[in-house]
Structures are given as C-alpha cells and as structure tokens.
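Novice: My questions concern the predicted model and sequence given below.
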Amino acid sequence: MATAGKVITCKAAVAYEPNKPLVIEDVQVAPPQAGEVRINILFTALCHTDAYTWSGKDPEGLFPCILGHEAAGIVESVGEGVTEVQPGDHVIPCYQAECKECKFCKSGKTNLCGKVRMATGAGIMMNDRKSRFSINGKPIYHFMGTSTFSQYTVVHDVSVAKVDPQAPLDKVCLLGCGVPTGLGAVWNTAKVEPGAIVAIFGLGTVGLAVAEGAKSAGASRVIGVDIDSKKFDIAKNFGVTEFVNPKDYDKPIQQVLVDLTDGGVDYSFECIGNVSVMRAALECCHKGWGTSVIIGVAASGQEISTRPFQLVTGRVWKGTAFGGFKSRSQVPWLVDKYMKKEIKIDEYITHNLTLGEINKAFDLMHEGGCLRCVLKMHE
Ligand SMILES: NC(=O)c1ccc[n+]([C@@H]2O[C@H](COP(=O)([O-])OP(=O)(O)OC[C@H]3O[C@@H](n4cnc5c(N)ncnc54)[C@H](O)[C@@H]3O)[C@@H](O)[C@H]2O)c1
Ligand SMILES: N[C@@H](CCC(=O)N[C@@H](CSCO)C(=O)NCC(=O)O)C(=O)O
Ligand SMILES: [Zn+2]
Ligand SMILES: [Zn+2]
C-alpha cells in the first residue's frame, strides 16, 4: 500500500466535550506500531454505548476522543510482528480483545481478555502508551480500542477479526457489537433450553437479538417488555410472542410477569441500562432456578439492589459482555452464519447515512424509531 508507514490524514468525527455535537475534522492517523493494525473503516453503525460515553456518564469516557465500536473495514497496513492479518484482509474491529494467551483467555471461563484492556480503557495504545490520532499535533483519545468513527483507525492486533471477504461489510459491521451481544447472552451466558419461558426488558437491537436467540434456542414463550408499544410489531418478526407495556399496569412489572407465568420466567434479560429495571428483571424470575442476565450499561454511580432473599431462594443474577463470544475466534463464525442466512442482520438496519451526517444519526437513535443506523465512511 502506498500509504503504509506514512501518516494518513482523513475525516473523523471528534467528540470534544460531553453532549456537544461531534465535529468532522481532518485527523492525522499515525502508522501502526508493533502489534498494531491500521484499518480503512468502510462502514460503522452507532450503538447506545457510544451515546452513553458521549453523554459524560461513562467513568472511562475521555475527551477529546473518537467514538465508535461497531464497524467493518479493510486492513491498510500492519505493524511489526503482526501475523494473523495482512493488508487487504476484510476485518471487524473487536472492542473485546482475544489474545489467546492471558489468564482470562486461557481460563475457559470467560470471553474477557486482559491483554490490552488497561490501554483501551485509557484511550491509548499499549506499545508506547500514546494515541495514534492527532489534529495538528494535539492527541485525540481512542475509544474502546476501536474508534470507528474515523475513516482510518489503529487497533491492537488482538482486537481484529478476519472475516469472509465475500461478506457485505455494510451489513456485517453490526457483528461488532449489538447483535452478537443479544444472541450470545442467550446461547452462551444464560444457555436457554428448549421450552423455556423468557422475558426481555427493552426491545432495541440488543433485546431483539435476545429474542432471535431465544427463538432459535426453542423458547416456548418470549415476552417482550417495553414502554414503547410501537416496538411490538417489529419485535414479532424477531421471535417475541407476547408484549407487555409496564405503563398499562398499576402493579410492579415483576408482579405482572410472575402472574402471567405461573410463578416467574426461567430467564430474563435486561437490555436497557436501567438499574430499577434490572431489579424487576431479577425479581420476575422463577423461585429456585430463574436466571437474570444484565446486558444494559448503567451510568457511573448507579447501583443494583434487591433483597438477598431473592438469591437465597435460587434466583441467579448474571451479566454479559459481548454476549460471552470470544471475539477473534467467533466473529468470523457469526459472519458465516449470516452468509448462510442462519442469523439476521439486515432486519436491524433501519437507516443508512454518511459519516458527515453522524449527528443526525445520533438524533435518530434517540427518537426511538431507529434500531441501527449504518454510516458509509467514504463518499
Ligand atoms: N453488555 C454488552 O456487551 C452490551 C453490548 C451492546 C449494548 N449494550 C447496552 O445494551 C443496552 C441496550 O442497547 P440497545 O442498542 O438495544 O438500546 P435501545 O435504546 O435501542 O433499546 C432500549 C429499549 O428499551 C426501552 N426502554 C427504555 N426504558 C424502559 C423501561 N423503563 N422499561 C422497559 N423498556 C424500556 C426503549 O423503549 C428501547 O426500546 C444499552 O444500555 C447498551 O449500552 C451492552
Ligand atoms: N466504560 C464503561 C463500561 C461499559 C461496558 O460495560 N461496556 C460493555 C460493552 S458495551 C458495548 O456496547 C463491556 O463489554 N464491558 C466489558 C469491558 O469493558 O471489558 C463503564 O465503566 O461504565
Ligand atoms: Zn455496543
Ligand atoms: Zn487474552
């Protein structure tokens, strides 16, 4: 590549301050150092976690930064020692790394990886503890180790999944976060079995992917809970069989669900990021075995609570990051499943815009009629 080893100047959406509109800037992207990969990002979607960090409520939020973590692109160049990808490879950046060597990766008990997590949380690259992004010499922080709201980004090699070059990048970009999170919460974290009764709190992309996962796992009832009744029509297409709007009831929503299910659900999933709903999601579970999985990200300072008696009497509270999927090993497998039409992606994409329209894309996301908006990065 003619650009290898050189600084690339390209467009990126920069978050200078919490909640202030993102600014499209010319950003300098330094070449990848040892163990790093520079990617030409072709498509990125927006996830609610980008909005969460942008809101200033993320304790790891650093400004100025380049947000974005649900994307796909093509490797432009690689740094010294990178063996698993090469220029031209089609890739999905993975905010949850997989080094295959650290204590976490080797445990067989988790998909979390410890190798670069400190650096990604600090908005820098591990090699020299610096950012690869700058504007006229002033550094701009990375975000989640991905920063996909830039036409070019630099990531750690342990954070890149190489995927089928035939896969449409404007679709499989969604496999960078929301869809795998919902599917994996059901398949890997909860391990829902055939016949189970499932409740899903929040029917955005993550909740709908939970519904899709529950349907494929053979759940007998999939109860969708959302305060926006418009969500039900679309939710039916993803496997939700019944809909409950908490606004239609005077009693607590956990009681509504317990009454509807002869004592409670087998599995519940919180896909909102609201700690009161997390409590309800636990408390609607069946005594003795009901398991509740927290997926939603709650703001700094928020805490969950319940009576310990809820756990003493057999309910289980769990959480999941990226649906428990090991990113580099399993994202390519998810891409293959999509290519074989075994999982949906297109159905989650309600809007397509360009990088220049990113602020409009965030507005759409907050309006409720948008599941995923995919941005084309190069015009
Ligand atoms: N753990 C992870 O790995 C992971 C990955 C991706 C996203 N997330 C988080 O998952 C959450 C959901 O993401 P999303 O993109 O689907 O969001 P979304 O905003 O599209 O969906 C949330 C849904 O919840 C509904 N809702 C809001 N308040 C409610 C309430 N009190 N009761 C019932 N329904 C309510 C909304 O109407 C909406 O339909 C976010 O917090 C996001 O940050 C976590
Ligand atoms: N910095 C945040 C953490 C937010 C969080 O929990 N992130 C999820 C992914 S959300 C994707 O949309 C996650 O995977 N966490 C595990 C990890 O970050 O290693 C905060 O501190 O609140
Ligand atoms: Zn996300
Ligand atoms: Zn690891």
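Specialist: That came through fine. Numbering: from 1, shown residues only. Ligands and ions are numbered 1, 2, ... in the order given.

Novice: What parts of the stretch 101-250 of the chain come near ligand 2?
Specialist: Residues of the stretch 101-250 of the chain lying near ligand 2 by Cβ under 6 Å from any ligand atom: 112, 117, 177. Bear in mind the C-beta positions are built from the backbone N, C-alpha and C, glycine included.

Novice: contact partners of stretch 99-106?
Specialist: 98, 110, 112-116, 158, 326, 328 (Cβ atoms under 8 Å, 6 or more residues apart in numbering).

Novice: go again using 10 Å as the cut-off
Specialist: Defining contact as Cβ atoms under 10 Å, 6 or more residues apart in numbering, one finds that stretch 99-106 is touched by 35, 97-98, 110-117, 156-159, 326, 328-329.

Novice: That one: end-to-end distance?
Specialist: 9 Å (Cα to Cα, to the nearest Å).

Novice: can you check stretch 269-276 too?
Specialist: Stretch 269-276: ends 13 Å apart by Cα to Cα.

Novice: which stretches of this structure have low pLDDT?
Specialist: Across the chain, the ranges flagged by pLDDT under 70 are 1.

Novice: ok so, going back, redo the residues of the stretch 101-250 of the chain next to ligand 2 as CSV? Include secondary structure.
Specialist: Supplementary listing: these in CSV, determined by DSSP: H, G, I helix; E, B strand; the rest coil:
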residue, secondary structure
L112, coil
R117, helix
C177, coil
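
Novice: for V258, helix, strand, or coil?
Specialist: Assignment for V258 (three-state DSSP): helix.

Novice: list the contacts for it?
Specialist: Residues near V258 by Cβ under 10 Å, 6+ apart: 251-252, 264-265, 283-287, 290.

Novice: The closest residue to ligand 1 within the stretch 101-250 of the chain: neighbouring residues, count only.
Specialist: Residue of the stretch 101-250 of the chain nearest ligand 1, by Cβ to the nearest ligand atom: G204 (2.1 Å). Look at G204: counted by other Cβ atoms under 10 Å, it has 23 neighbours.

Novice: hang on, F133 packs against S150?
Specialist: Yes: the pair F133 / S150 is scored as a contact, 7.0 Å apart, by Cβ atoms under 10 Å.

Novice: More neighbours: these two, which one.
Specialist: When F133 and S150 are compared on other Cβ under 10 Å, the one with more neighbours turns out to be S150, at 30 against 27.

Novice: looking at it, the more buried one is touching A15, isn't it?
Specialist: No: in this structure S150 lies outside contact range of A15 using Cβ under 10 Å: 11.5 Å.

Novice: who touches both of the two?
Specialist: Residues touching both S150 and A15 (Cβ under 10 Å, 6+ apart): 66-68, 140.

Novice: Can you select the buried ones among the residues you listed for me in ChimeraX?
Specialist: Burial among those is assessed by 16 or more other Cβ atoms under 10 Å; the matching ChimeraX selection reads:
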select :66,67,68,140
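
Novice: wait, which of the shared contacts of S150 and A15 is closest to E342?
Specialist: Using Cβ to Cβ, G68 comes nearest to E342 of the shared contacts of S150 and A15, at 27.2 Å.
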